[in-house]
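Peer 1: sequence unknown, structure follows:
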């Protein structure tokens, strides 16, 4: 029961925070295939987890299908569902790339709306990820994504190596004082892994649970950050911020602030607006250069940049002040 609940929770999380979120534009555009896919998935999920969530699935399934009850429906036939393991594996790896890179952004305190120059992804099979490079670039807000084979000379240049850590608490009862020899060997490089998977450190054989063996990337070059991927391979994120990237990031922060102002003033998502943007010199410059981006994203058919007599003051970018005035047309 616990495993079934956890599997259901994980799947719904991926469905909501990946498929639905990534497909928002397709839903807004009324793409039939997006709605049909989501409808089919919800139908199968409701019928599958009805014993775990009897009331919730009943409400969703009846509203979705118009049927009498999900508890009277047939159990899903797995063999009748389309299967593409290669696609699933590739998309799982795409999500790993996005998750690991997002963690690098957070560690470097680079906000999500700030565009970055590029990302290098080193994996065993780059061709499998090639069709999804644009998704990765859009999700991570990077200008370019390079896919590099893990066995290439370029990948080797990043200094990938294995690191052994001895768990003294686990190995101590068996090895006694000799555990210090194993720890010293792991730190000095006096350790090895045989073709059969046997780990030896400081001349002592370690058993499973007494050590951790991980693959790490050497020190990142200045202006970049690296992270290992759970399924193998690693990513290298260009963390350098040029004045042009900073300016675009400021414009995207303005879009967010304007969208919030639209919501706060009770506008419908389809309402066109007259937009007036004021603020610091950096804000005014970003609003001028990225006028088309800001106007199109906020549905502004009238757009002005300059001193705002009356409006809402917001903080954007790295502490820049902006004033925005939104009016329905």
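Peer 2: Ah, there it is. Source: prediction; values computed, not measured.

Peer 1: least confident secondary structure element in the protein?
Peer 2: Here the helix or strand of the chain ranked lowest by mean pLDDT, DSSP states H and E is strand 211-217, holding a mean of 82.

Peer 1: so where do the strands sit in the stretch 101-250 of the chain?
Peer 2: Using DSSP state E, counting those that start in this stretch, the strands of the stretch 101-250 of the chain run over 116-123, 142-149, 160-166, 191-193, 199-201, 204-206, 211-217, 224-228, 234-238.

Peer 1: distance of residue 213 relative to residue 166?
Peer 2: 10 Å (Cβ to Cβ, to the nearest Å). Quick note: C-beta positions are derived from backbone N, CA and C, even for glycine.

Peer 1: of these two, who's got more company?
Peer 2: For residue 213 and residue 166, the more surrounded residue by other Cβ atoms under 10 Å is residue 166, and the numbers stand at 27 against 14.

Peer 1: just checking, that one touches residue 186?
Peer 2: Yes - shown here, residue 166 and residue 186 form a contact pair, counting by Cβ atoms under 8 Å, at 4.9 Å.

Peer 1: could you name every residue contacting both of these two?
Peer 2: Overlap of the contact sets of residue 166 and residue 186 (by Cβ atoms under 8 Å, 6 or more residues apart in numbering) consists of 201, 211.

Peer 1: closest one to residue 109 among the strands of the stretch 101-250 of the chain?
Peer 2: strand 224-228 (11.3 Å; Cβ to Cβ).

Peer 1: name the helices or strands packed onto that closest one?
Peer 2: helix 85-107, strand 211-217, strand 234-238 (3 or more Cβ pairs under 8 Å, 6 or more residues apart in numbering; DSSP states H and E).

Peer 1: strands paired with the shortest one, and their directions?
Peer 2: For strand 234-238, the pairing partners within the sheet under DSSP bridges are strand 116-123 (antiparallel), strand 224-228 (antiparallel).

Peer 1: confidence-wise, which of the helices and strands packed on strand 224-228 is weakest overall?
Peer 2: Among these, strand 211-217 carries the lowest mean pLDDT, at a mean of 82.

Peer 1: for that strand, packing partners?
Peer 2: Using 3+ Cβ pairs under 8 Å, 6+ apart: strand 211-217 touches strand 160-166, strand 199-201, strand 224-228, strand 234-238.

Peer 1: distance check, the residue nearest to residue 218 when sequence neighbours are not counted against residue 216.
Peer 2: Leaving aside its sequence neighbours, residue 218 sits nearest to residue 159 (Cβ to Cβ, 6 or more residues apart in numbering; 2.5 Å). Here residue 159 is placed at a distance of 9 Å from residue 216 (Cβ to Cβ).

Peer 1: repeat that for residue 270.
Peer 2: 50 Å.

Peer 1: between these two, point out the one with more neighbours.
Peer 2: Ranked by neighbour count (other Cβ under 10 Å), residue 270 and residue 216 place residue 216 first, with 14 against 7.

Peer 1: with adjacent residues omitted, what lies nearest to that one?
Peer 2: Closest to residue 216 by Cβ to Cβ, 6+ apart is residue 163, at 5.0 Å.

Peer 1: what about stretch 205-221, how long is it end to end?
Peer 2: In stretch 205-221, first residue to last residue: 36 Å (Cα to Cα, to the nearest Å).

Peer 1: tell me which residues of it come out buried.
Peer 2: 206, 210, 211, 217, 220 (16 or more other Cβ atoms under 10 Å).

Peer 1: how about stretch 119-132?
Peer 2: Under 16+ other Cβ under 10 Å, the buried positions of stretch 119-132 are 119, 120, 121, 122, 123, 125, 126, 128, 129, 132.

Peer 1: now stretch 91-102
Peer 2: Neighbour-count burial for stretch 91-102 [16+ other Cβ under 10 Å]: 91, 93, 94, 95, 96, 97, 98, 100, 101, 102.

Peer 1: returning to that earlier point: ok, which of the helices and strands packed on strand 224-228 comes nearest residue 321?
Peer 2: The nearest among these, by Cβ to Cβ, is helix 85-107 at 24.4 Å.

Peer 1: which helices and strands does the closest one pack with?
Peer 2: Contacts defined by 3+ Cβ pairs under 8 Å, 6+ apart place helix 85-107 against strand 116-123, helix 126-129, helix 133-140, strand 224-228, strand 234-238.
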